[in-house]
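**Q** need coordinates for the below:
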Amino acid sequence: MTKTPFRRFCGRALAMAAALSIIGSPAWAADDPSPKLATDARYAAVRAHIKAKEFSAAIPVLAKLREDYPSEPDVFSLTGFSLRKSGRFDEALKLYAQALTLDPRHLGANEYLGELYAETGKLDLARERLAVLEAACGTGCEETQDLAKAIAAAEKK
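**A** Alright, predicted model coming up:
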């Protein structure tokens with residue numbers, strides 16, 4: 001019997017689900033920067049600024065990185081994150097959208113956009129991001145768990 005495209009898709013989906021249940025989260029779901037970006041000293045500086053909660057210091061460095069790495073979703077996602085943490089929600093929204101245009105399954109951008117929605121009372125939109133994360137990496141990944149906590153906290157307000 002010849003398999004239809006739908007049956008081939010279902011077979012592949014089942015095989016992927018079985019493989020993931022054995023090995024855990026898929027490596028392709030990770031938000032690893034490109035090797036070139038990962039070795040850029042400015043990227044390391046940005047990560048240090050963010051870890052130290054120095055978001056306003058990270059923003060101008062990220063602007064330069066966006067010029068040099070226009071197809072790197074991590075740079076756009078981290079810019080959105082830094083803008084959101086600085087209270088600049090409208091600007092953050094635009095950067096998350098750019099990150100997701102580059103990679104619709106980007107875990108960080110989906111989590112951070114969901115958190116922005118939760119913080120601004122748009123819980124239906126936050127839940128949409130949660131569903132994307134669950135499809136990409138399941139319920140056990142950090143991004144899914146963090147967004148679920150943010151939604152739960154927003155629901156209590």
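
**Q** ok, which stretches of this structure are helices?
**A** Along the chain, counting by DSSP state H, helices occupy 5-23, 35-38, 41-51, 55-68, 73-85, 89-102, 107-119, 123-137, 142-156.

**Q** show me how far the fifth one is from its chain's centre.
**A** Spelled out, that is helix 73-85. Centroid separation between helix 73-85 and its chain, computed with CA atoms, centre = their mean, to the nearest Å, is 10 Å.

**Q** for it, buried residues please.
**A** 73-85 (16 or more other CB atoms under 10 Å). Where you see a C-beta, it was placed from the backbone N, CA and C, and this is true even at glycine.

**Q** that older thread, rebuild the helices of the chain as CSV, extending it with mean pLDDT.
**A** Below are the helices of the chain laid out as CSV (pLDDT from 0 to 100):
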stretch, mean pLDDT
helix 5-23, 37
helix 35-38, 93
helix 41-51, 97
helix 55-68, 98
helix 73-85, 98
helix 89-102, 98
helix 107-119, 98
helix 123-137, 97
helix 142-156, 97
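
**Q** and of the buried residues of helix 73-85, the nearest to R66?
**A** V75 (5.3 Å; CB to CB).

**Q** residues contacting that closest one?
**A** Going by CB atoms under 8 Å, 6 or more residues apart in numbering, V75 touches P33, L37, Y43, L62, L65, R66, Y69.
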